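> missing the sequence, but the structure's below:
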């Protein structure tokens, strides 16, 4: 692969697991041509005068941006957005009953029903249509809200099974479970398989039930790092990686055989933060000390009866027995069927039907989920991930419309194409010049994802969101030995001293090419770091302390000044209302702007079997594993959902194995 790749670094080919189950994603490439402006809420006086670039004259300016004195806000200064349950009474209650009498057939629910939801597998941050399979975080959260107010719903019965999502989404769902309990209705959990994430949700419920044969493995959290250097050498690929920033580890999986001290430090800090948070929340929920919880984990308990004995679960019974208990609680005769409504059907019930009405003030929600691309690739699934040119259209539509009082950019992305990230940053800045824009982070908003967030007026993250990753690494592959092994030859005729820098993957860099390659990486990192400093109203020296390719949890990012407030979408909405000068007790209507995105692109679509096809396929394979096509801004390594699906094998190695076996 002879493309120049600039990747702000973070952990590499690493999966955080909860026993094999804590996961996330890694660093990113960034582009080297940035324009700059001051966010609406930042002070110019805090910027380092030695910064090597200045504001672009084409960037939008506001009166606030011209001011040089502004108070820096802390987390406590922002509205909390905490849910307060207010029962529907009087005339409003009568109207709700009337609405239910005339509700559409698919919105009718029997009185005294139990809402059932199966939380299992992947959970998308995008709103899904009724025809789309899988779970949607926005619809899960909305169902909890509707059920709290719906007089027809008596309680919620959650089936919690193996989850394949990040801790940010788990935290958001847990918050909605706790909010629902404020309504006075019951919520019980049934857990046939349970590791740390599943128990983190279940312990927020009033009761936890498990079958006698349940798989419980509350053994703690681990982090694993995989290194491909030996594999690449065996198949004739020589990685040439230029590291910049001591935590920059995106290229480590290619260039190293073991974990660096800096990467070990970073991953250990992330693991400690997540583990400590888990102990805190579980000990609080179960009324035990952190030491008791940790001692219990360290005993290696797997027997379900021991979990019951120690108070970690309520009882050991089967699903039908739980339903029988719910019948008894609701006064349903044993020979009668318990009225239940499932997640998918209840998702079709409008909030209006249950008396949850919005106000006249509109706030736009623009969702950005998945890997970032500038345009749709011929090799990508249609509309997969974040397509910059499509998202820009959405952003412009909100900016050009006078009906929206504010906007929220909801980000769940490890990054991607650096140019695309910069173009979206620009559009978000233009939007922020006309109305308040708040960034809300989900599981991950790192590198290109963080790049987008920097353009917002305030950034809100979950305490366990993975963010930051401000750093770069450059990489090139010398495929000469591999080409020899497969009998492939490639010759190049060029004009210009550096014409072959990107073209000659069949040989290593010449000394002058290596020097240019290194300078390009240094330049890209400097601009990325300085732009982050400008956006966050920090000196360059201060930004350097939290940059260098390091990935942070949301809580630690807030301490370092990369994030403004800790919370979920509800807090972002509260802050948006405050910025738009909408009274906190006035209702607003949220308008979803972006349509859902399907799965991530499959880079090997359409691969041929000819020698030319092998050449092209190998390039695509290596791009997908490492740097992508051109300058990137993504976290490559700690793939959140992908790696967690492979508990016993590294998917990267499987891809290489499958590819080589097809030759």
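Yes, it's here. From a predicted model like this one, the values you see are computed outputs, not experimental measurements. Numbers count the residues shown, from 1 in each chain.
> I figured residue 163 was touching residue 135, is that so?
No - contact criterion C-beta atoms under 8 Å: residue 163 and residue 135 do not qualify, at 9.6 Å. For glycine as for every other residue, the C-beta is placed from the backbone atoms N, C-alpha and C.
> mind listing the shared neighbours of those two?
119-121, 123 (C-beta atoms under 8 Å, 6 or more residues apart in numbering).
> which of these are buried, as a ChimeraX select command?
This is the ChimeraX syntax for the buried subset of the shared contacts of residue 163 and residue 135, where burial follows 16 or more other C-beta atoms under 10 Å:
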select :119,120,123
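> switch the shared contacts of residue 163 and residue 135 over to a markdown table; also include secondary structure, pLDDT and distance to residue 219.
Below are these laid out as a markdown table (DSSP: H, G, I helix; E, B strand; the rest coil; pLDDT from 0 to 100; distance: C-beta to C-beta, whole Å):
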| residue | secondary structure | pLDDT | distance to residue 219 |
| --- | --- | --- | --- |
| 119 | strand | 96 | 21 |
| 120 | strand | 93 | 21 |
| 121 | strand | 92 | 22 |
| 123 | strand | 93 | 23 |
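> right, and out of the shared contacts of residue 163 and residue 135, which lies closest to residue 273?
Ranked by distance to residue 273 (C-beta to C-beta), the shared contacts of residue 163 and residue 135 are led by residue 123 at 21.5 Å.
> any chance you could map the strands in the stretch 301-450 of the chain?
With strands called from DSSP state E, counting those that start in this stretch, the stretch 301-450 of the chain shows them at 315-316, 340-342, 361-369, 372-373, 386-387, 404-413, 415-417, 437-446.
> of those, which is nearest residue 459?
Taking the strands of the stretch 301-450 of the chain one by one with C-beta to C-beta, strand 437-446 is closest: 4.6 Å.
> okay, now the sheet partners of that closest one, with direction.
Using DSSP bridges, strand 437-446 pairs in its sheet with strand 404-413 (parallel), strand 458-461 (parallel), strand 466-468 (parallel).
> between it and strand 361-369, what angle do the directions make?
20 degrees (axes from the mean of the first three to the mean of the last three C-alpha atoms, to 10 degrees).
> identify each buried residue in strand 437-446, please.
437-446.
> next one: stretch 77-93
Quick answer for stretch 77-93 (16+ other C-beta under 10 Å): 78-79, 81, 83, 88.
> whatever helix or strand residue 528 lives in: what's the following helix or strand?
Under the criterion of DSSP states H and E, residue 528 resides in helix 511-535. Following helix 511-535 in sequence order, the next helix or strand is helix 540-546 (DSSP H and E).
> which secondary element of the chain has the worst mean pLDDT?
Least confident helix or strand of the chain, by mean pLDDT, DSSP states H and E, is helix 640-644 with a mean of 29.
> pretty sure residue 428 sits against residue 408.
No - between residue 428 and residue 408 there is no contact, the gap being 11.1 Å when judged by C-beta under 8 Å.
> so how many other residues sit close to residue 390?
15 (other C-beta atoms under 10 Å).
> assumed residue 129 was part of a helix.
No - according to DSSP: H, G, I helix; E, B strand; the rest coil, residue 129 belongs to no helix; its state is coil.
> the strands in the stretch 51-200 of the chain, which residues?
Counting by DSSP E, counting those that start in this stretch, the strands of the stretch 51-200 of the chain are 113-121, 123-124, 135-136, 153-163, 186-190, 193-194.
> what is the burial count for the closest residue to residue 259 other than its chain neighbours?
The shortest distance from residue 259 to any non-neighbouring residue, by C-beta to C-beta, 6 or more residues apart in numbering, is to residue 225 (4.9 Å). Residue 225 sits with 21 neighbouring residues when counted by other C-beta under 10 Å.
> can you redo the strands of the stretch 51-200 of the chain as TSV with distance to residue 506?
As requested, those are exported to TSV (distance: least, C-beta to C-beta, whole Å):
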stretch	distance to residue 506
strand 113-121	43
strand 123-124	41
strand 135-136	46
strand 153-163	45
strand 186-190	57
strand 193-194	49
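> highest mean neighbour count out of these?
strand 123-124 (a mean of 24; mean count of other C-beta atoms under 10 Å).
> okay, now the sheet partners of that one, with direction.
Partners of strand 123-124 in its sheet, by DSSP bridges: strand 135-136 (parallel).
> quick one: average pLDDT of the partner strand?
Strand 135-136 shows a mean pLDDT of 90 in the predicted model.
> what sits against the residue nearest to residue 85 when sequence neighbours are not counted?
Among residues not flanking residue 85 along the chain, residue 182 sits closest, at 4.2 Å (C-beta to C-beta, 6+ apart). Counting by C-beta under 8 Å, 6+ apart, residue 182 touches 83-85, 148.
> from the contact counts, what lies against the helix or strand where residue 266 lies?
Element membership for residue 266, per DSSP H and E: helix 261-286. Here helix 261-286 touches strand 14-17, helix 196-202, strand 222-225, helix 290-298, strand 551-553, helix 554-559, going by 3 or more C-beta pairs under 8 Å, 6 or more residues apart in numbering; DSSP states H and E.
> so which bits of the third one are buried?
By neighbour count, with 16+ other C-beta under 10 Å as the criterion, the buried positions of strand 222-225 are 223-225.
> sorry, back to before: could I get the strands paired with strand 437-446 as CSV with distance to residue 342 and mean pLDDT?
Listed next are the strands paired with strand 437-446 as CSV, based on distance: least, C-beta to C-beta, whole Å; pLDDT from 0 to 100:
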stretch, distance to residue 342, mean pLDDT
strand 404-413, 25, 96
strand 458-461, 31, 96
strand 466-468, 32, 93
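> tell me which of those is the most buried.
strand 466-468 (a mean of 33).
> list the strands paired with the following helix or strand past it, with their directions.
Proceeding N to C from strand 466-468, the next assigned helix or strand is strand 472-478, under DSSP H and E. Here strand 472-478 is paired, per DSSP bridges, with strand 5-6 (antiparallel), strand 238-244 (antiparallel).
> ok now strand 472-478, how far from the chain's centre?
With C-alpha atoms, centre = their mean, to the nearest Å as the basis, strand 472-478 stands 25 Å off its chain's centre.
> what is the orientation angle of that strand with helix 511-535?
On the basis of the same axes, to 10 degrees, strand 472-478 is oriented at 150 degrees to helix 511-535.
> pLDDT of strand 472-478, averaged?
74.
> following that strand, which helix or strand comes up?
With DSSP H and E, the next secondary element past strand 472-478 is helix 480-486.
> check which residues of that next one are buried.
Residues of helix 480-486 classed as buried by neighbour count (16+ other C-beta under 10 Å): 480, 482-483.
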